[in-house]
Every structure is written in C-alpha cells, then in structure tokens.
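Chemist: next comes the sequence, and after it the predicted model I'd like to discuss.
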Amino acid sequence: MQNCPIVWIVIGVSGSGKTLIGRMLAARLECDFLEGDRRHPPENIAKMLAQEPLTDADRAAWLQTMTAEIQRSVDRCCETVLTCSGLKRAYREQLRVSDRVQLVAIDVPEDELQRRLECRGEHYMKPEMLRSQWLAFESIGPLENVIVVDGMDEPEAIAAAILAQGRERFAGFDRSWWERLR
C-alpha cells in the first residue's frame, strides 16, 4: 500500500459525468473541488463553441494551468478533487506531478455519451464534438495505475466504487484527509 492521494483527478470524455462524480467524491471526502472545464482559456472555449476540435497546442496552456492547480494542492497537503478530460497518455502523465495524485477514469460507451450530450443544456461542448474527443482518447494502459469505474452505474454507486477502491489501495484511507496528514 502507498500513501493516500491528496489530489484525485476524475478523467473521461465529455458527457462521462466527470463533474457530477467529482462533486460527489469531493463532498464525501470533505475536500475542495476544481472544475477543469472552467480553466480553459477563452480561445479554447470559442473554438469548441465553433465546433472546432482542440489540438495539443490548444490544450498546452490549459494543461499547465491544471498542473499548477494540482501542484498547489499537493504542496499545501490539501485534498482536492479535480476534473480533466485526460484524453491522451501524455496529458495524464503531465498531470501526475506527484505520487500523491490518483487518476480515476469514468468508462462510458460512445452511444451513451452521445445521448447524454444531446440531453445536456447550456454547455459549450456540443454533441457534434464528441467524435473528436473519442478519436483523441488513448486507452488507459495497465501501467498507468488509474482507477477505472463503470460510468453506466448510478452516480452514487460510482462514487462509492471509487471510495471502495481507495480503501483497498491506500492504508489509512478510512480516516479523513486531514487526519491522514499526521
């Protein structure tokens, strides 16, 4: 068993439920929550609104912002849940600034993602953009040490599954994060 994580990064393509699950997880862990979509620069949001897929160059500054947020939480020893698409292995590797970071992937079939995006209201990520994210997504490899959960389960069950895997993986995880710092 290793040290308990300080930062939990909930990853997945648009419509996978990152925000909903991330907020639930943060509430259960009694910690901060940071929404990755809100950290995109205005240029990225404008591109997505125009149905233009983001490139690696477009995502570079956003990933640097995300990495700085993660590092700040690790440095302050303040448990945080953060959402981020984490589409590519290189992005996921960049986000792992410390062994105190744990990635959690929400696995949802493409047809269900499409249905969810079509039902979603006011968000700049439109259903037409799903295909570009799906094509950019690189499968999670066995050496990436990512907790993968079934995104077809009910949100409460997904949050419970993440916490159950946390208890299995990390000694002392049953204590509050501030108690684990002692």
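Modeler: Sure thing, it's come through. None of the values given here were measured: they were computed from a predicted structure. Numbers count the residues shown, from 1 in each chain.

Chemist: give the buried residues for the strand of greatest length in the chain.
Modeler: Longest strand in the chain, counting residues (DSSP state E): strand 101-107. For strand 101-107, the neighbour count (16 or more other C-beta atoms under 10 Å) marks V101, Q102, L103, V104, A105, I106 as buried. Any C-beta I mention is one placed from the backbone N, CA and C, and that applies to glycine too.

Chemist: turn those residues into TSV, including distance to E154.
Modeler: Converted to TSV, the buried residues of strand 101-107 look like this (distance: C-beta to C-beta, whole Å):
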residue	distance to E154
V101	27
Q102	22
L103	22
V104	16
A105	18
I106	13
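
Chemist: ok, P142 - contacts?
Modeler: The contact partners of P142, taken as C-beta atoms under 8 Å, 6 or more residues apart in numbering, number zero.

Chemist: got phi/psi on it?
Modeler: Main-chain torsions, P142, degrees, to the nearest 10: phi -60, psi -20.

Chemist: what's the longest strand of the chain packed up against?
Modeler: Counting contacts by 3 or more C-beta pairs under 8 Å, 6 or more residues apart in numbering; DSSP states H and E, strand 101-107 packs against strand 7-11, helix 18-29, helix 89-95, strand 147-150, helix 155-169.
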